[in-house]
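Asks: My questions are about this predicted structure, shown below with the sequence.
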Amino acid sequence: MKKLLMSLGLLALVSCTSTSPTGRTQVLLVNKDQMTQMGIKSFDAMKQETKISTDKKLNNYVQCVSNQIIKTIPKDWQSGWEIVVFDSDMVNAFALPGKKIGVYTGILNVAQSADQLAAIIGHEVGHVIANHSNERASQNKIAGVATQAAQIATQGTEYEAYATKGLGLAAQYGFLLPFSRAHESEADVIGLKYLIKAGFKPEESQQLWRNMAKVGGKAPSEFTSTHPSADTRIDNLGAHIQKFKEQGIKALQPRPSCSR
């Protein structure tokens, strides 16, 4: 019976595999429509809870950069995006399933040019197109099932507490966090390609992370962090800038005049 259940579980995982824009194999267990509704619901809640900027010039600037990036993404993704600027000191931006983009005004102190903001928008949109939210939710589901299986298998034995604690740590540091770093690095690469095609300066993506490093304070160990270090990202971006040049990837449209 255990072997049958394991076989069925493996079959279910194989049937839910997909491929990311960079060719990486993914397991996606959550329905696409469900992810879209979750993204829309979360975004609507944020609009209720966080002040929205009414600065017309600032909104036009963010819209200008974002729309230029959106022109370069796959055609079936290009329509229907909602872009909101939140009036907050948070140094952050995000994109959600359901085609939602949020930019906090605080990050505009770090992204000092339209090119650097384009790097952020391309990165965040890359997360959505690569189904990273779905993949993360799926990883959490798998980790939860593994922990439950360990509890059942060792229930009533001297190994119960050790097995549960050990699997919890393994899931966190050996499975969930490494995939999160993979998501960040992949979104950097996807976003960089959009950046180049949109006519922005790719080297500014590296300068963005130099700026981030200056305001980030003492960074956590890369092993226990969900994000690669700034130096790792800068090096990875540099390698892919050269790679994309060699592949002949270039601007498909002139750089827009997005004025802040």
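Replies: Nice, thanks for sending it over. This structure is a prediction, so every number in the text was calculated from the model and none was measured. Numbering: from 1, shown residues only.
Asks: what sits against the spatially most central residue of the chain?
Replies: The C-alpha lying nearest the average C-alpha coordinate of the chain belongs to His127 (CA atoms, centre = their mean; 3.4 Å). Residues in contact with His127 (CB atoms under 8 Å, 6 or more residues apart in numbering) are Ala95, Ser133, His183, Ala187. Yep, even glycine has a C-beta here, placed from its N, CA and C like the rest.
Asks: what stretches of the chain score poorly on pLDDT?
Replies: Scanning the chain for pLDDT under 70 picks out 1-15, 142-179, 216-226.
Asks: any chance you could map the helices in it?
Replies: For the chain, the helices defined by DSSP state H occupy 2-15, 32-49, 56-70, 114-129, 132-154, 160-171, 177-197, 203-215, 230-246.
Asks: Count the residues that sit near Gln139.
Replies: By the measure other CB atoms under 10 Å, the count of residues near Gln139 is 19.
Asks: which residues does the closest residue to Ser138 other than its chain neighbours contact?
Replies: If the residues on either side of it in the chain are set aside, Ser138 comes closest to Leu29, at 4.0 Å by CB to CB, 6 or more residues apart in numbering. The contact partners of Leu29, by CB under 8 Å, 6+ apart, come to Cys16, Asn134, Ala137, Ser138, Lys141, Ile142.
Asks: Out of the contacts of His127, who's the most crowded?
Replies: Counting by other CB under 10 Å, top hit in these: Ala95 with 28 neighbours.
Asks: any idea how far that residue is from Ala213?
Replies: 23 Å (CB to CB, to the nearest Å).
Asks: Stretch 198-206: how far from the chain's middle?
Replies: 18 Å (CA atoms, centre = their mean, to the nearest Å).
Asks: mind saving the C-alpha coords of that stretch as CSV?
Replies: C-alpha atoms of stretch 198-206 as CSV (Å, rounded to 0.1, in the frame of the first residue of the first chain):
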residue,chain,number,x,y,z
ALA,A,198,12.6,47.6,-24.1
GLY,A,199,15.5,49.8,-24.9
PHE,A,200,16.8,50.5,-21.4
LYS,A,201,20.5,50.3,-20.4
PRO,A,202,21.3,46.7,-19.1
GLU,A,203,24.3,47.8,-17.1
GLU,A,204,22.0,49.9,-14.9
SER,A,205,20.6,46.7,-13.5
GLN,A,206,24.0,46.2,-11.9
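Asks: for that stretch, which positions count as buried?
Replies: Burial within stretch 198-206, assessed by neighbour count using 16 or more other CB atoms under 10 Å, is assigned to Ala198, Gly199, Phe200, Lys201, Pro202, Glu204, Ser205, Gln206.
Asks: Stretch 55-73 too?
Replies: Within stretch 55-73, the residues that count as buried by 16+ other CB under 10 Å are 58-59, 61-73.
Asks: Which single one of the residues you listed is nearest to Arg260?
Replies: Tyr61 (4.6 Å; CB to CB).
Asks: mind listing what that closest one touches?
Replies: Ala114, Leu117, Cys258, Ser259, Arg260.
Asks: could you dump those to a markdown table with distance to Ala239 and neighbour count?
Replies: A markdown table is the format used below for the contacts of Tyr61 (distance: CB to CB, whole Å; neighbours: other CB atoms under 10 Å):
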| residue | distance to Ala239 | neighbour count |
| --- | --- | --- |
| Ala114 | 24 | 22 |
| Leu117 | 23 | 27 |
| Cys258 | 27 | 20 |
| Ser259 | 32 | 9 |
| Arg260 | 30 | 15 |
